[in-house]
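**Student:** Based on what follows, work out the 3D shape:
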Amino acid sequence: MGDIKEDIRNENKQSANSSEQNFEFITETIKEKPVSKRKVILKTIFTCILALAFGAIACFTFVSLYPVFNEWLHPVDDTKVVSLGQSDDENGTEEVLPADGKEETDNVSPEDADGTETDTSGDEGGEQTDESITKDTPEDKPENSENSNVEEALPAPEVITQVVETVEKDLELDDYAQLYQQISDVAAEARRAVVTVTGVSANKDWFMNVYENKHTSAGLILAENGKEMLILTKTSPLSGSDKIAVTFCDGARYNAAMKKSDPNTDLSVIAVDLEDMSAETKEACKLAELGSSKNSSIDGTPVIAVGDPLGATESMAVGQITSHTIKRDMTDTNVSILTTDIYGSSNASGVIINLAGRVLGIITQDGASMDAKNLIRGYAISDMKDKLEKLSNGQELAYLGIVGMDVTREAADEYGVPMGAYVKQVVIDSPAMEAGIQNGDVIVKLGTTDITSFTDYKDAMLKCQPEDLMMVTVKRMGRDEYVELSYEITLGKLSR
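**Tutor:** Got it, this is the predicted structure:
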């Protein structure tokens, strides 16, 4: 028995020795291979060369493809900014240079044509004496003159005495015919800038037959921006239309697209693609010439209504301006109304021009009283110019939502009302109402712009954009005096 135990012990010792030998074999130490600095340097240089090559290729690819992707992702609008010309000077009179850009000289006599100035003085007998002072001309100077600034005395011209006789002549029927023919010629020339705008919509009758509704109005060619011909027209005839067609003075008809609208005046700017128009149509039509309606003596000015003043396309009527003092109050603005004695259609459209063919007003019959609904009237063009420029350039009209007026000097002196834009009415659900502006408030500042009149307010609003965050400062009547309040308002969008 003891021998068996001894054998077992010997076997266990052999097993243990065998395990120790195996363990020593597994944990054999492996030495790391020494690092070659030369290979590391070479690999670093090679990596840098690859990085530079990759960067150069990436830069070349980016520079080559950037214009393509930029044009694809962000199409460039190459239309020119529209600026509507208008002959307004400080006194409200019109001054237009001829096509060559040189000023015309009135009352130039044949004697003055050779470069002489005429000094005319009259005596008591009614005779007029012309003394001519001759200017130097190149022909008057010696060819071999050493000093070109030296003037030689020329012999004085003979004194010419002219007697002006007054000729009285009774007007004959032919004179009236000639006068009306000249007026007709002015209207015909102005019609080159007038078009017929048609809104077409498709409907079905009781028997499911498709028919078209067409509503027409006159339009005015305002400008062209290099890509489109921009036309001003009434909005309401185009409401609900499936397409818009424009007929030019030569009879050519082209499709148009809506650009921007002003709900206040019921006017829209539509655009015809210039690429669609023929060269003959472009040659036949012309851009409208805008005049001035600011002159305080505009009442009594002879005018012509062209477009559709009488309910017939390409009709015309002659009369005079009877008033320019009427103001039509609108949201965030007001517009002067020119009234005439021209009897026309209650649905008239078109423009009012003077005898020089320049536009003074855009015909509108909206807001006319019942006893004057057939008398042609129009928006004064000087009050509309800035707004039409903004619509023509595709810009939105900002919207605060008040109807206002000027604070008169009498109200300021007698009642202590601050000078500014007086709020007559706040439009329901407008940004002004939501902010807390009330009827009777006086707006004295819009952003950083001081407001001393409603005209200042109108001009400031035209410079704003929808979604602008504007600080509006008002003065409100308190218990004893006006107190100043400020509202932070996000402007809305008026145009459609």
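**Student:** quick one: residue 298 is in a strand?
**Tutor:** No: with the criterion set as DSSP: H, G, I helix; E, B strand; the rest coil, the secondary structure at residue 298 is coil rather than a strand.
**Student:** My guess is it contacts residue 321. True?
**Tutor:** Yes: counting by CB atoms under 8 Å, a contact exists between residue 298 and residue 321, whose distance comes to 5.7 Å. Any C-beta I mention is one placed from the backbone N, CA and C, and that applies to glycine too.
**Student:** what sits in contact with each of the two?
**Tutor:** Taking CB atoms under 8 Å, 6 or more residues apart in numbering as the contact criterion, the residues that touch both residue 298 and residue 321 are 338, 360.
**Student:** where does the residue positioned nearest the centre of the chain fall, phi/psi-wise?
**Tutor:** When CA atoms, centre = their mean is applied to the chain, the residue found nearest the centroid is residue 389 (1.4 Å). Geometry field for residue 389 lists phi and psi as phi -60, psi -40, criterion degrees, to the nearest 10.
**Student:** With the one 5 residues further on instead?
**Tutor:** When quoted as degrees, to the nearest 10, the phi and psi of residue 394 stand at phi 70, psi 20.
**Student:** and it, how far is that from residue 260?
**Tutor:** As judged by CB to CB, to the nearest Å, residue 394 and residue 260 stand 6 Å apart.
**Student:** between those two, who's got more neighbours?
**Tutor:** Looking at residue 394 and residue 260 with other CB atoms under 10 Å, you find the greater number of neighbours at residue 260, namely 20 against 17.
**Student:** what about the more buried one, which SS state?
**Tutor:** The local conformation at residue 260, judged by three-state DSSP, is strand.
**Student:** Distance check, it against residue 181.
**Tutor:** Distance from residue 260 to residue 181, counting by CB to CB: 40 Å.
**Student:** Likewise for residue 461?
**Tutor:** Per CB to CB, residue 461 is found 46 Å from residue 181.
**Student:** quick one, which of the two is more surrounded?
**Tutor:** Just comparing residue 461 and residue 181: by other CB under 10 Å the higher neighbour count belongs to residue 461, 22 against 9.
**Student:** Just to check, the residue nearest to the centre of the chain is in contact with residue 230?
**Tutor:** No: here residue 389 does not reach residue 230: they are 10.2 Å apart, not a contact under CB under 8 Å.
**Student:** Overlap of the contact sets of those two?
**Tutor:** Listed as contacting both residue 389 and residue 230 by CB under 8 Å, 6+ apart are residue 82.
**Student:** on that earlier part again, how about the residue nearest to the centre of the chain, nearest residue that isn't a chain neighbour?
**Tutor:** In space, and not counting its chain neighbours, residue 389 is closest to residue 84: 5.3 Å by CB to CB, 6 or more residues apart in numbering.
**Student:** Please identify which helix or strand holds that neighbour.
**Tutor:** Under the criterion of DSSP states H and E, residue 84 resides outside all helices and strands.
**Student:** quick one: it and residue 224 touch, right?
**Tutor:** No: in this structure residue 84 lies outside contact range of residue 224 using CB under 8 Å: 11.7 Å.
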